[in-house]
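Q: Predicted structure and sequence below. I'll ask about it afterward.
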Amino acid sequence: MSTGNDTRETWSTRLGFILAAVGSAVGLGNIWRFPFQVGQEGGAAFIVVYLAFVLVIGFPAMMVEFVVGRKTGLNTVGAIREFAGGAWTYLGSLFVFIGFVILAYYSVVGGWVLRYVLGSVTGGYVGTTGPEEAPVAQQYFGEIATGLDALAFHALFMLLVVVIVALGVKRGIELGVKIMVPAIALIFGVLAVYAFTLPGAAEAYSYYLSPDLDYLLANWQSIVPAAAGQGFFTLSLGMGVMITYASYLSEDENLGIDGATIVGFNTGISILTGLVVFPILFSAGVDPGEGGAGAIFVSVAQALGDIQFGWLLGVLFFGTVAIAALSSAISLIEVIVSYAIDELGVTRRRATVLIGSGIFLLGVPVTVDTDMVTLYDIFAAKILLVVGGILLVVLVAWRHADDAIAELGKGIDSFAGIDRVWLWTVRVPVLVVLVVSLALGILEFVS
Ligand code: PFF
Ligand code: NA
């Protein structure tokens, strides 16, 4: 179905592409970052803006990447060069840089997840049930989030990524994702039902689902960049992952339907995660704004202490989250590795080991202090990905609109002017919101 040399695997089927793209999208962004952002930005007011952005910005921006990938059939850097040429080629280098930064701290958080798989078995985070739970769960997170534990599990996470990518067993990812998505839906479903029975549930639902418009109007300067950053981060946009994945697609593929499927799964899992996390936090008397980077770990650990066979559910929960995190991490490193293979002529194995080591080192400072997670994270999601998104939009929707429209139309039978709607949505409102978000994100980062 596609061209590709022996260093580039192709999707065996259309399902293979969707699974890989869902595997990239669904990850720590949904399970760890989403509740953390919601808590920081005041609950439902953030959700409203976030959902609007996913639809009006995220989905069209995904089409932008799909168009470049499928038209060129090349890795990210090659794709940008072929699509645009000239100075635009540097955009590919920017994507490589973004991949380094994101994976560096993503791996530290992925290490926390692996640590919690172990902690579920040893019972480390479980106190006696009742009010004892909250402090035990909190203290446990405090102990493992930094220091030697964090460093060791960061190393383990990167090692897993490197081994999977070096062996080129990405096909295994298809299987992993096939198991991961239903498993997450099931396990989170069980936890959401448990959370529903908690005394703080009603208050949590109103916080999470009923937007306070006054709050929104008073805080839009922080909500807008947070929602844009989360939209790009969670959908794996702004650094070429979706360009790479779409490069293997054939022309009879309807890009719109594929994009909608990916966005749908990704959004569903985020919303479900919130239904687990917030009732637990409210019931424990934890202010969701104070939960920070540990919110998901502390709240879930605490719930598991209350549940029969909680340790087993914990192994399954953190185990599936680990698969989700790994499939996203692989998509991140793959942008860099395929660049190194195609452009620098390095072998896959050598490229993966060297790049993986570099990323590991870049993540070391993050294991020293959890504030470093926030620092890397704001820089990556609110600045770098948004810059990547802006440049891609300018390139595709302003500089090469005719090519883009023609590419988008392939595989879609009845267009009825949707292509023009897409083009003008991306050209003006998307661009304006992204530029405003970037400005606000930079202000936040430097202050
Ligand atoms: N989308 C992934 C998540 O939500 O966990 C994270 C991610 C993957 C971000 C790939 C960016 C990226 F290019
Ligand atoms: Na995501």
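A: Looks like it arrived, so ask away. Ligands and ions are numbered 1, 2, ... in the order given.

Q: Which residue does the stretch 1-150 of the chain have closest to ligand 2?
A: residue 29 (3.5 Å; Cβ to the ion). From N, CA and C alone the C-beta is placed, and that goes for glycine too.

Q: quick one, what contacts that residue?
A: Residue 29 is in contact with 230, 233, 234, 270, 328, counting by Cβ atoms under 8 Å, 6 or more residues apart in numbering.

Q: pLDDT weak spots in the stretch 51-200 of the chain?
A: 127-134, 169-172 (pLDDT under 70).

Q: Would you mind listing what in it touches ligand 1?
A: Proximity of the stretch 51-200 of the chain to ligand 1, by Cβ under 6 Å from any ligand atom, involves residues residue 102.

Q: Helices along the stretch 51-200 of the chain, start to end?
A: According to DSSP state H, counting those that start in this stretch, the stretch 51-200 of the chain carries its helices in the segments 59-72, 76-83, 89-122, 133-144, 147-166, 171-196.

Q: can you redo the ones you listed as CSV with mean neighbour count?
A: Formatted as CSV, those follow (neighbours: other Cβ atoms under 10 Å):
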stretch, mean neighbour count
helix 59-72, 25
helix 76-83, 23
helix 89-122, 23
helix 133-144, 19
helix 147-166, 19
helix 171-196, 18
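
Q: possible to save the ones you listed as JSON lines with distance to ligand 2?
A: Converted to JSON lines, the helices of the stretch 51-200 of the chain look like this (distance: least, Cβ to the ion, whole Å):
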{"stretch": "helix 59-72", "distance to ligand 2": "12"}
{"stretch": "helix 76-83", "distance to ligand 2": "19"}
{"stretch": "helix 89-122", "distance to ligand 2": "11"}
{"stretch": "helix 133-144", "distance to ligand 2": "22"}
{"stretch": "helix 147-166", "distance to ligand 2": "17"}
{"stretch": "helix 171-196", "distance to ligand 2": "11"}
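
Q: can I get the ones you listed in TSV with distance to residue 419?
A: Shown next, in TSV, are those (distance: least, Cβ to Cβ, whole Å):
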stretch	distance to residue 419
helix 59-72	10
helix 76-83	18
helix 89-122	24
helix 133-144	48
helix 147-166	36
helix 171-196	30
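
Q: mind checking which of these is nearest residue 41?
A: Nearest to residue 41 among the helices of the stretch 51-200 of the chain is helix 89-122; the distance by Cβ to Cβ comes to 19.1 Å.

Q: buried stuff in stretch 339-349?
A: 339, 340, 341, 342, 346, 348 (16 or more other Cβ atoms under 10 Å).

Q: and of these, the nearest to ligand 1?
A: The closest of these to ligand 1 turns out to be residue 339 (Cβ to the nearest ligand atom; 13.4 Å).

Q: Report the contact partners of the closest one.
A: Contact analysis of residue 339 by Cβ under 8 Å, 6+ apart lists 75, 76, 77, 92, 96.

Q: got it, and residue 102?
A: Residue 102 sits in contact with 239, 332, 380, 384, where contact means Cβ under 8 Å, 6+ apart.

Q: Return the distance of stretch 377-393 from the chain's centre.
A: Computed by Cα atoms, centre = their mean, to the nearest Å, the chain-centroid distance of stretch 377-393 equals 13 Å.

Q: Quick one: end-to-end length of that stretch, please.
A: Distance between the two ends of stretch 377-393: 23 Å, counting by Cα to Cα, to the nearest Å.

Q: which residues touch it?
A: Outside stretch 377-393, the residues that touch it by Cβ under 8 Å, 6+ apart are 33, 61, 64-65, 68, 91, 94-95, 97-98, 101-102, 105, 225-226, 228-230, 232-233, 237-240, 426-427, 430-431, 434-435, 437-438, 441-442, 444-445.

Q: Go again with 7 Å.
A: By Cβ atoms under 7 Å, 6 or more residues apart in numbering, the list of residues contacting stretch 377-393 from outside reads 61, 64-65, 91, 94-95, 98, 101-102, 105, 225, 228-230, 232-233, 237-239, 426, 430-431, 434-435, 437-438, 441-442, 444-445.

Q: Just the CA atoms of stretch 402-416, as PDB, please.
A: Only the C-alpha atoms of stretch 402-416 are listed here, as PDB (Å, rounded to 0.1, in the frame of the first residue of the first chain):
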ATOM      1  CA  ASP A 402      -4.100  24.400  -3.300                       C
ATOM      2  CA  ASP A 403      -1.900  21.300  -2.600                       C
ATOM      3  CA  ALA A 404      -3.500  20.900   0.800                       C
ATOM      4  CA  ILE A 405      -7.100  21.200  -0.500                       C
ATOM      5  CA  ALA A 406      -6.400  18.700  -3.300                       C
ATOM      6  CA  GLU A 407      -4.800  16.200  -0.900                       C
ATOM      7  CA  LEU A 408      -7.600  16.500   1.700                       C
ATOM      8  CA  GLY A 409     -10.200  15.800  -1.000                       C
ATOM      9  CA  LYS A 410      -8.700  12.400  -1.900                       C
ATOM     10  CA  GLY A 411     -10.700   9.600  -0.400                       C
ATOM     11  CA  ILE A 412     -13.600  11.900   0.400                       C
ATOM     12  CA  ASP A 413     -16.600  11.500  -1.900                       C
ATOM     13  CA  SER A 414     -18.900  14.400  -1.200                       C
ATOM     14  CA  PHE A 415     -17.100  17.500  -0.100                       C
ATOM     15  CA  ALA A 416     -19.900  20.100  -0.300                       C
END
